[in-house]
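S.K.: got a predicted structure plus its sequence, pasted below:
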Amino acid sequence: MTRYLIPDACIRDIGEYEKTGGYQGLEKALSMEPGQVVEEVKKSGLRGRGGAGFPTGMKWMFAAGDPKFPKYIVCNADEGEPGTFKDKALLKNNPHILIEGMAIAAHALKAETGYVYLRAEYPKEKEILEAALAQAHEKGFLGENIMGSGARLDIQVHRGAGAYICGEETALIDSLEGKRGQPRLKPPFPVNAGLWGKPTVVNNVETFANLPFIMRAGAQEYMKIGAPDCPGNKLFSVSGHVEKPGVYELPMGITLKDIIYDHAGGIKNGKALKAVIPGGVSAPVLPPDKIDCPMDFVSVQKWGSMLGSGGVIVFDEDTCMVQVAHRALQFFEHESCGKCTPCREGTGWLRAILERLETRQGREGDIRLLEDVSRNIAGNTFCPLGDGAAMVVLGFLKHFKEEFSEHIENGCPYGRTGKRPDRPAPVQ
């Protein structure tokens, strides 16, 4: 199995990274014209690893074709999706692969300034990354006249605002500019009007980390790994009721079943699987009969969910699905930026209804109300946060509606009905 993202041991020193072939991909990219690098990434079929799975080469092509300068490269390291911790592993164990990837992207787009927008809750990773950046400058992989090519690039680390919404690229850009992190209406898209109104490419940590291998081995070799429509490896963050939680680097297209049972050791304490969220908490839940699903951006959607960030959250037979849904909506309500009404008001309504079910206050019509509110949020918000909240609820209702009905009729069948918290009265 080909691995090129996370090494067996931490490689933080630039000398150790070079021994593994580090910065050879950058050297090759610098020997090519910027347009050739863009074309090579397009041929590779690399899709963004932040959640949406948009073709990376196509995004670069749009930015490269815009005549405005300067252009900017931004790394989205604001890993706030619950159940996702893959970027943390990359930053901690292999920081130079991110730096090399950003330098390759900068050459492709003729950008001279890059930013890493780093999650505020990652202070140790900030230290590691800044130390790696200093090493890269000292060795001539950043700064003026990189590797004698005439290219230049400076990368700065910008600590995030501590908000989930800043993981959305336009809210991230507003935060970088010193504004309140809130999503912008699109179009225009950041590739044409991003940071300070200039063409800006925003890619995830894992996306940039794929570039050194693509340049070193070539697009054709990269396409031999993973699924036909989604080539390459993917980092899966596996958590919940499994024997061996952690980050697993596996080829795209591996089944959810193989991830859970072959790599994560199966369900903890020999219990039965009840449900799994395949792509971070924003992705709709899947029942046990759906775990043969291939884990790539195209297939997971066909099976009724999303690959998203690859955060696999596993629940055993003793899990209360209403409790999980309620906890998720507490998160979405708290993290809503408040810019648009459907999300600002709707997430609070969903949380309140679920809270009613959790505290034995459920009433006839609550399930229909949950469905109606969710459908009025979905597709009507500035950014995907509202969609994520709606899909969470609709996914749980699709597969576990009986459990929600049981909460209304008899209370929680798992004996986990909580006390009524000190919150605003639930919606009527």
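M.R.: Done, it's in.
S.K.: buried ones in the helix or strand residue 389 falls within?
M.R.: Element membership of residue 389, judged by DSSP states H and E, is helix 384-410. Of the residues in helix 384-410, 384-397, 399-400, 403-404, 406-408 count as buried by neighbour count, 16 or more other C-beta atoms under 10 Å. Placement of C-beta: from N, CA and C, glycine included.
S.K.: now stretch 2-10 - C-alpha only, PDB.
M.R.: Output of stretch 2-10 as PDB, limited to C-alpha atoms (Å, rounded to 0.1, in the frame of the first residue of the first chain):
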ATOM      1  CA  THR A   2       1.500   3.300  -1.100                       C
ATOM      2  CA  ARG A   3       1.900   5.900   1.700                       C
ATOM      3  CA  TYR A   4       3.300   9.400   1.100                       C
ATOM      4  CA  LEU A   5       1.400  11.700   3.500                       C
ATOM      5  CA  ILE A   6       2.100  10.600   7.100                       C
ATOM      6  CA  PRO A   7       5.400   8.900   7.800                       C
ATOM      7  CA  ASP A   8       5.900   6.100  10.300                       C
ATOM      8  CA  ALA A   9       7.700   8.500  12.600                       C
ATOM      9  CA  CYS A  10       7.700  12.300  13.000                       C
END
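S.K.: so what touches that stretch?
M.R.: Outside of stretch 2-10, the residues within contact range by C-beta atoms under 8 Å, 6 or more residues apart in numbering are 20, 89-90, 92-94, 97, 206, 209-210, 212-213, 225, 233, 235, 247, 249, 251.
S.K.: swap in stretch 131-145?
M.R.: If you take C-beta under 8 Å, 6+ apart as the criterion, stretch 131-145 is touched by 12-14, 23, 26, 95-96, 99-100, 103, 146-148, 151-155, 157.
S.K.: now, of those residues, which are buried?
M.R.: Buried among those by 16+ other C-beta under 10 Å: 12, 14, 23, 26, 95-96, 99-100, 103, 146-147, 151, 153, 155, 157.
S.K.: before we move on, back to that, just the contacts of stretch 2-10: which are in helices?
M.R.: In helices, judged by DSSP state H, the following of these are found: 89, 90, 92, 93, 97, 206, 209, 210, 212, 213.
S.K.: distance check, the fourth one against residue 6.
M.R.: For residue 93, the distance to residue 6 under the criterion C-beta to C-beta, to the nearest Å works out to 6 Å.
S.K.: what of the first one?
M.R.: When C-beta to C-beta is applied, the distance between residue 89 and residue 6 equals 6 Å.
S.K.: quick check, residue 195 in contact with residue 71.
M.R.: No - using C-beta atoms under 8 Å, residue 195 makes no contact with residue 71, being 9.1 Å away.
S.K.: and for those two, which residues touch both?
M.R.: Contacts common to residue 195 and residue 71, judged by C-beta under 8 Å, 6+ apart, are absent.
S.K.: what about the strands in the stretch 101-250 of the chain?
M.R.: Shown for the stretch 101-250 of the chain, the strands assigned by DSSP state E, counting those that start in this stretch span residues 113-118, 154-159, 200-204, 233-240, 246-251.
S.K.: looking at those strands, spot the one closest to residue 356.
M.R.: strand 233-240 (25.9 Å; C-beta to C-beta).
S.K.: who touches both of residue 89 and residue 6?
M.R.: With C-beta under 8 Å, 6+ apart as the test, residue 89 and residue 6 both reach 235, 247.
S.K.: residue 36 belongs to a helix, doesn't it?
M.R.: Yes - looking at residue 36 with DSSP: H, G, I helix; E, B strand; the rest coil, it is inside a helix.
S.K.: can you pull the pLDDT of it?
M.R.: On pLDDT, residue 36 comes in at 98.
S.K.: with residue 384 instead?
M.R.: Residue 384 is assigned 89 on the pLDDT scale.
S.K.: ok, now residue 51?
M.R.: pLDDT for residue 51: 85.
S.K.: count the residues that sit near it.
M.R.: A count of nearby residues for residue 51, using other C-beta atoms under 10 Å, gives 25.
S.K.: just the ones of the contacts of stretch 131-145 in helices?
M.R.: Among the contacts of stretch 131-145, the members falling in helices (DSSP H) are 14, 26, 95, 96, 99, 100, 103.
S.K.: show me which pair in the buried ones among the contacts of stretch 131-145 is furthest apart.
M.R.: Using C-beta to C-beta, the two most remote members of the buried ones among the contacts of stretch 131-145 are 12 and 151, lying 24.8 Å apart.
S.K.: give the buried residues for stretch 302-318.
M.R.: For stretch 302-318, a neighbour-count test (16+ other C-beta under 10 Å) marks 303-316 as buried.
S.K.: same question, stretch 122-137
M.R.: Of all the residues in stretch 122-137, those buried under the rule 16+ other C-beta under 10 Å are 122, 125, 126, 128, 129, 130, 132, 133, 135, 136, 137.
S.K.: one more: stretch 364-377?
M.R.: For stretch 364-377, burial by neighbour count (16+ other C-beta under 10 Å) applies to 366, 367, 369, 370, 371, 373, 374, 377.
S.K.: next step: these restricted to helices.
M.R.: In helices, defined here by DSSP H, the members of these are 366, 367, 369, 370, 371, 373, 374, 377.
S.K.: out of those, the closest to residue 113 would be?
M.R.: Lowest distance from residue 113 to those (C-beta to C-beta) belongs to residue 377, with 37.1 Å.
S.K.: against residue 222, how distant is the closest one?
M.R.: Residue 377 is 38 Å from residue 222, where distance means C-beta to C-beta.
S.K.: what's the answer for residue 67, then?
M.R.: With distances taken as C-beta to C-beta, residue 67 is found 30 Å from residue 222.
S.K.: those two - which one has more neighbours?
M.R.: Each of residue 67 and residue 222 has its neighbours counted (other C-beta under 10 Å); residue 222 has more, 26 against 5.
S.K.: hmm, the more buried one is touching residue 213, no?
M.R.: Yes - contact criterion C-beta under 8 Å: residue 222 and residue 213 qualify, at 6.6 Å.
S.K.: tell me, how many residues neighbour the spatially closest residue to residue 294 that is not a sequence neighbour?
M.R.: Excluding its sequence neighbours, the residue lying closest to residue 294 (C-beta to C-beta, 6 or more residues apart in numbering) is residue 253, at 4.7 Å. A count of nearby residues for residue 253, using other C-beta under 10 Å, gives 18.
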